[in-house]
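# got a sequence here, can you build the structure:
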Amino acid sequence: MSVQEVEGVPYVLRIESGKPGATLGITAQTHGNEPSGLAAIQYLLEDFGVREKLVAGILYLVVNNVDATHRYLTATTEEQKRLARQIDINMNRLPEDLESITNDTRSEIQRALQLLPVWRKFNVGLDIHSTLQKSPPMIMNVGKELPRNLIRGFPIKIICSNVDRVHPGIAPACHFYGAAGADIPILGIEAGQHETAEAFENARRCVLSLLQNLGMVKGNPETTVNEYEEYVVEDAIIFPDRSFELTDLLCKPFDPFQPIRKGDVLALSDDGKRAFLAPFDGHAVFHSQRRPDDIREQALFLSRPVRMVRI
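Just a heads-up that it's a prediction; the model follows:
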């Protein structure tokens, strides 16, 4: 997407149909090294022709973390790409009192404050992500209730709920979508592994299906999934210092959604004297194969046992 501005905010594009309908915000690059959102935006603008095909409502296309995206796009090594996830802080770990912050020069805070007037215009939101490790795609349910009518046609069979509520005092960028205090439908997707054709295709199919489900473009999504695995996250491991390593009982990295039992050793300090134990039976979600670069980052989310949901 070329540099566009809406009300003086760069890297935002607004497309108006001129007819009543939803105000949908599709956001990309909340983390700079996750290009599936850019692939979806490029598809809508260049291949699908959404400017001409939008028949109802207003569509916002937004690059959230511009500085981190520039770092990623100019990276020349895989390590530089990995470090382009953020500049100063994780944009999905913003302070809940963001709107009252002043004199904070951190890049992600400055960009979030700049975007707030745009984010507040959404009455439906979709934030697009991808994963470092190979992982199945996921729908992230943000807020109180899954908007089931909006995910028809998404090529994804896993739902993760409640991830946005396990960090008191901090919130993902999409927490601020919609008018303050409004309870709007917000979805996130983890489209797949970074830079893979599969992740790009998943993101493209999701954005088109969402536009169709909202009646913003003509057509009906191809329904490929009607039964989902839902993982409800209720806890997370955040290391108190850098002396911890993730482990399991066999000292191997966690597989995606690996079952855990109450009392299992999930992490050990390097000296073996301190441990994190699983607080309940369930699953390891958003596993990490390494210590987080930022000590404030969760190393692992923990969900209750998977349950099946039909739509």
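# list the contacts of the helix or strand where residue 230 lies.
Applying DSSP states H and E as the criterion places residue 230 in strand 227-237. The contact list for strand 227-237 (CB atoms under 8 Å, 6 or more residues apart in numbering) reads 139, 157-163, 165-167, 246, 257, 266-267, 276, 279-280, 282-283, 285, 298-304, 306-311. Where you see a C-beta, it was placed from the backbone N, CA and C, and this is true even at glycine.
# next one: stretch 80-92
Contacts for stretch 80-92 (CB under 8 Å, 6+ apart): 30-34, 64-65, 67-69, 71-72, 75, 106-109, 111-112, 132, 172-173, 194, 293-294, 296-297.
# residues in contact with residue 94?
Taking CB under 8 Å, 6+ apart, one finds 108-109, 112, 170-173, 175-176 in contact with residue 94.
# my bad, should have said residue 303
Counting by CB under 8 Å, 6+ apart, residue 303 makes contact with 160, 231-234, 257, 282-283, 285.
# for stretch 199-217, buried residues please.
Residues 199-214, 216-217 are the ones in stretch 199-217 that count as buried (16 or more other CB atoms under 10 Å).
# got the CA positions of that stretch in CSV?
Included here for stretch 199-217 are C-alpha records, laid out as CSV according to Å, rounded to 0.1, in the frame of the first residue of the first chain:
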residue,chain,number,x,y,z
ALA,A,199,-0.4,-17.8,5.5
PHE,A,200,-0.9,-15.3,2.7
GLU,A,201,-3.7,-17.3,1.2
ASN,A,202,-5.4,-17.8,4.6
ALA,A,203,-5.3,-14.0,5.1
ARG,A,204,-6.7,-13.3,1.7
ARG,A,205,-9.6,-15.8,2.1
CYS,A,206,-10.4,-14.4,5.6
VAL,A,207,-10.7,-10.8,4.5
LEU,A,208,-12.8,-11.6,1.5
SER,A,209,-15.1,-13.8,3.5
LEU,A,210,-15.5,-11.1,6.2
LEU,A,211,-16.4,-8.5,3.6
GLN,A,212,-19.0,-10.9,2.1
ASN,A,213,-20.4,-11.9,5.5
LEU,A,214,-20.9,-8.2,6.2
GLY,A,215,-22.6,-7.6,2.9
MET,A,216,-19.9,-5.1,1.9
VAL,A,217,-19.1,-6.9,-1.3
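# which of the contacts of residue 303 ranks first by neighbour count?
residue 231 (26 neighbours; other CB atoms under 10 Å).
# tell me, domain by domain, which residues of this protein belong where.
Residue ranges for the domains of the chain, per automatic domain parsing: 5-225, 233-310.
# mean pLDDT for those domains - can I get that in JSON lines?
JSON lines is the format used below for those (pLDDT from 0 to 100):
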{"stretch": "domain 5-225", "mean pLDDT": "93"}
{"stretch": "domain 233-310", "mean pLDDT": "81"}
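# just name the most buried of the ones you listed.
domain 5-225 (a mean of 19; mean count of other CB atoms under 10 Å).
# figure out how far that one is from the centre of its chain.
7 Å (CA atoms, centre = their mean, to the nearest Å).
# quick one: the helices in the stretch 1-150 of the chain?
Using DSSP state H, counting those that start in this stretch, the helices of the stretch 1-150 of the chain run over 36-42, 50-53, 66-73, 78-83, 107-119.
# dump these to CSV, plus distance to residue 180.
Converted to CSV, these look like this (distance: least, CB to CB, whole Å):
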stretch, distance to residue 180
helix 36-42, 25
helix 50-53, 28
helix 66-73, 24
helix 78-83, 34
helix 107-119, 9
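# of all these, which lies closest to residue 19?
helix 50-53 (12.7 Å; CB to CB).
# hmm, who's touching the closest one?
Against helix 50-53 from outside (CB under 8 Å, 6+ apart): 15, 44-45, 59, 211, 217-218.
# could you rerun that using 6 Å?
Helix 50-53 is contacted by residues 15, 44, 217 when judged by CB atoms under 6 Å, 6 or more residues apart in numbering.
# nearest to residue 122, of these?
For those, the nearest to residue 122 is residue 15 (13.6 Å; CB to CB).
# which non-adjacent residue is nearest the closest one?
Of all residues not flanking residue 15 in the chain, residue 59 sits nearest, at 4.5 Å (CB to CB, 6 or more residues apart in numbering).
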